[in-house]
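Sequence and predicted structure are below.
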Amino acid sequence: MNLKLKALTKSIWVFHAACSPCNNCDIEVLDVLTPRHDVERFGIALVGSIRHADVLLVTGVPNYKTKERLKRIYNQAPQPCLVVAVGNCACGRIMFKDSYNSPCAVDEVVPVSAYIPGCPPKPEAIIAGVVKLIKKLRGQK
Amino acid sequence: MKLLFNYLIFPGFLFSACIGLIAGWIDRKVTARIQWRVGPPWYQNFIDIVKLLGKETIVPEGAKLTFLISPYLGLLSLILVTTILGKSVILPLESFMGDLIVVLYLLVIPAIAIIVGAASSRNPLASIGASREMKLVLGYELPFILSVVAIILKSKGAIEIGQILNHQINFGSNLFSWSGALAFIVAIFCMQAKLGFVPFDMPEAEQEIMAGVLIEYSGLPLAIFKLTKAVLLYTMPLFLIILFLGKDLSPLFIVLKYILLLVIIILIKNTNPRLRIDQALRFFWGPMTFLAGAAVILAGLGY
């Protein structure tokens, strides 16, 4: 395994893009950073600018306005940048599927690398999703 | 050849970057423990730098050449400072005339590099950060230089770092006198502002202007800015040790004094909220300048 990939998996900086969520997933994402589940011990940190980010974390169902913003944010990110969809809405836009203001799901706008289902997902589930993402990056099963 | 070695490896770049990154880890770890978290492993900051080197560098549309040059400018001048300081700690008699003034000038350049880089990145939040950084520099430079002037007066007008050290070896540390203690308090707060730590981190306030001055930087230039911060975390406490605590400079005592200053920095960082920029300016131009002026007058009277 090369050094670049190893460094990437040991220091993941996350940019949180909220695409009109109901804020439950956002609260659970913040819970992951609190003392009980402290993910800074794995080098994961929340950053304020997409230019610093390695992972674009999306919550919620994109509507007509946030769809464009999500696409633009993804294009502004420096490569390699991965996308993680957190919550049932971002994974498959469950009950908003036929809604008048929901044009598409997250993975129709940007390529998603990991899906973390749940409404909202528990912090443990989010950490398990991140572990799966890291394993996928390293090419393990 | 020896100069190049000094600049790039021992008191210069490699050494100071390693010490600075480890000091940055101590800061993160202590902060985490205070918040009842576990905190990152000791190599976390090194990994962050390596990872940033492997990322893509994006230059925003319409950015000038200064966008890419300014990080190098800041780091190069800061390494020059660490080399001068490190050499004068090892061999106090070999310093040249007026190196204290050179150090004072070079210590401003990283802040100027950040201002120039942020202003050329064409981002509104970055320009807010740049204007705040500019006001902060204007704020802390006056009391900082006044406190250095107090030390110069105490050392009988010496503007060589070697002579200041010699004076302290003969007559005791500058800290243990009235003027030295006052100037030390001022210099601690100015160091906090120079490092860009809470309560003086408004240029890159993450919650309000999203990393402010660094918002458009990615990849290699961002890694160099992070390295500059790390080297500054080594340089500023060393500069204060030389000015105020220069009595005994054997390696063990230097490490102990460095850790003492680091503890003070981390304590201030973790027990204070962020100030607004006008509050910071009022703080530096009011009480701090007053204290530094009092220190200069006391030093002139010989206390």
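Received, thanks.

going forward, measure contacts and count neighbours with C-alpha atoms only.
Will do.

Okay, whatever residue of the stretch 101-250 of chain B ends up closest to chain A and B:P41: tell me how far apart.
Chain A sits closest to B:M210 of the stretch 101-250 of chain B, with a gap of 4.5 Å, by Cα to the nearest Cα. Applying Cα to Cα, to the nearest Å, the value for B:M210 to B:P41 is 25 Å.

Tell me, how many residues neighbour B:P287?
Residues near B:P287, counting by other Cα atoms under 10 Å in any protein chain shown, number 13.

Tell me the secondary structure at it.
Going by DSSP: H, G, I helix; E, B strand; the rest coil, the secondary structure assigned to B:P287 is helix.

that older thread, which of B:M210 and B:P41 has more residues huddled nearby?
Remark: of B:M210 and B:P41, B:M210 carries more neighbours, 19 against 15, as counted by other Cα under 10 Å.

Find the nearest non-adjacent residue to the more buried one, please.
A:G48 (4.5 Å; Cα to Cα, 6 or more residues apart in numbering or on different chains).

State the phi and psi torsions of the residue of the stretch 101-250 of chain B closest to chain A.
Note on B:M210: backbone dihedrals following degrees, to the nearest 10 are phi 50, psi 70.

A:V14 now?
Note on A:V14: its backbone torsions stand at phi -110, psi 130 [degrees, to the nearest 10].

bridging residues for it?
A:L46, A:V55 (DSSP bridges).

just checking, it touches A:G43?
No - with contact defined as Cα atoms under 8 Å, A:V14 does not reach A:G43; the gap is 10.5 Å.

middle-most residue in chain A, spatially?
The residue lying closest to the centre of chain A (Cα atoms, centre = their mean) is A:L57, at 2.2 Å.

so it touches A:V84, yeah?
Yes - taking contacts as Cα under 8 Å, A:L57 lies within contact range of A:V84: 4.9 Å.

Any chance you could give me the top helix by length along chain A in PDB, C-alpha atoms only?
Assignment by DSSP state H gives helix A:123-138 as the longest helix of chain A. Once non-C-alpha atoms are left out, helix A:123-138 reads as follows in PDB (Å, rounded to 0.1, in the frame of the first residue of the first chain):
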ATOM      1  CA  PRO A 123     -23.100   7.200  15.900                       C
ATOM      2  CA  GLU A 124     -21.900   3.600  16.000                       C
ATOM      3  CA  ALA A 125     -23.500   3.100  12.500                       C
ATOM      4  CA  ILE A 126     -21.700   6.200  11.200                       C
ATOM      5  CA  ILE A 127     -18.300   5.000  12.500                       C
ATOM      6  CA  ALA A 128     -19.000   1.500  11.000                       C
ATOM      7  CA  GLY A 129     -19.700   3.200   7.700                       C
ATOM      8  CA  VAL A 130     -16.400   5.100   7.900                       C
ATOM      9  CA  VAL A 131     -14.600   1.800   8.600                       C
ATOM     10  CA  LYS A 132     -16.200   0.300   5.500                       C
ATOM     11  CA  LEU A 133     -15.100   3.300   3.500                       C
ATOM     12  CA  ILE A 134     -11.500   3.000   4.700                       C
ATOM     13  CA  LYS A 135     -11.500  -0.700   3.900                       C
ATOM     14  CA  LYS A 136     -12.900   0.000   0.400                       C
ATOM     15  CA  LEU A 137     -10.100   2.600  -0.100                       C
ATOM     16  CA  ARG A 138      -7.500   0.000   0.900                       C
END
